[in-house]
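In: Here is a sequence with its predicted model. Questions after.
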Amino acid sequence: MTYLWIILPFAALTLAVTLATLTRPHFGRRMISSAIAAAVLVVLTAVFDNAMIAADLFTYPEDDISGIRIGLAPIEDFSYPVCAAFLIPAVWTLLSPRERA
């Protein structure tokens, strides 16, 4: 099983839950905040994944990754922090009581 097949359900869940918050207040502001958080997490992932891979703490089987890399880190590694940046606020929003108009 390739990492792409592992990522797809998480990405689909993230998209579905995020879209479920579309009618909740401040959707646009939440998306901007999530995008900023995702950008920060991608930079941190790039720095620390590259450092850990360079230190030979772990490797990825070439057969299981796309081959696209940012430095030493496979592009698939960046999907988890991006999903987290959108999924966690969306879940929080759905679990929060609705604001009364």
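Out: Arrived safely. Just so it is clear, the structure is predicted and the values come from calculations on it, not from any experiment.

In: any idea how far the one residue sitting closest to the centre of the chain lies from T18?
Out: To find the centre residue of the chain, average its C-alpha atoms and take the closest one (Cα atoms, centre = their mean): that gives V82, at 2.0 Å. With distances taken as Cβ to Cβ, to the nearest Å, V82 is found 11 Å from T18. From N, CA and C alone the C-beta is placed, and that goes for glycine too.

In: re the thing from before, what helix or strand is the residue nearest to the centre of the chain located in?
Out: In this structure, V82 is located in helix 79-95 according to DSSP states H and E.

In: For that helix, buried residues please.
Out: Taking 16 or more other Cβ atoms under 10 Å as the neighbour-count basis, helix 79-95 is seen to contain the buried residues 79, 81-87, 89-91, 93.

In: Just the angle for the longest helix out of those in the chain relative to helix 79-95, thanks.
Out: Ordering each helix of the chain by length in residues (DSSP state H) puts helix 27-54 first. Taking axes from the mean of the first three to the mean of the last three Cα atoms, to 10 degrees, helix 27-54 and helix 79-95 form an angle of 150 degrees between their directions.

In: Next, find the distance separating the residue nearest to D63 when sequence neighbours are not counted from E76.
Out: When the adjacent residues along the chain are set aside, D63 lies closest to T2, with 7.7 Å between them (Cβ to Cβ, 6 or more residues apart in numbering). Counting by Cβ to Cβ, the gap from T2 to E76 is 8 Å.

In: Name the residues that touch the helix or strand harbouring L8?
Out: Element membership for L8, per DSSP H and E: helix 3-20. Applying Cβ atoms under 8 Å, 6 or more residues apart in numbering, the contact partners of helix 3-20 are 31, 34, 60, 64-66, 74, 76, 79-80, 83, 86-87, 90-91, 94.

In: Looking at those residues, which one is closest to T45?
Out: Nearest to T45 out of the contacts of helix 3-20 is Y80 (Cβ to Cβ; 8.0 Å).

In: The nearest residue to V42 once chain neighbours are set aside: what's it in contact with?
Out: Ranked by Cβ to Cβ, 6+ apart and with sequence neighbours excluded, the top spatial neighbour of V42 is F78, at 5.4 Å. For F78, the contact set (Cβ under 8 Å, 6+ apart) comprises 42, 45-46, 70.
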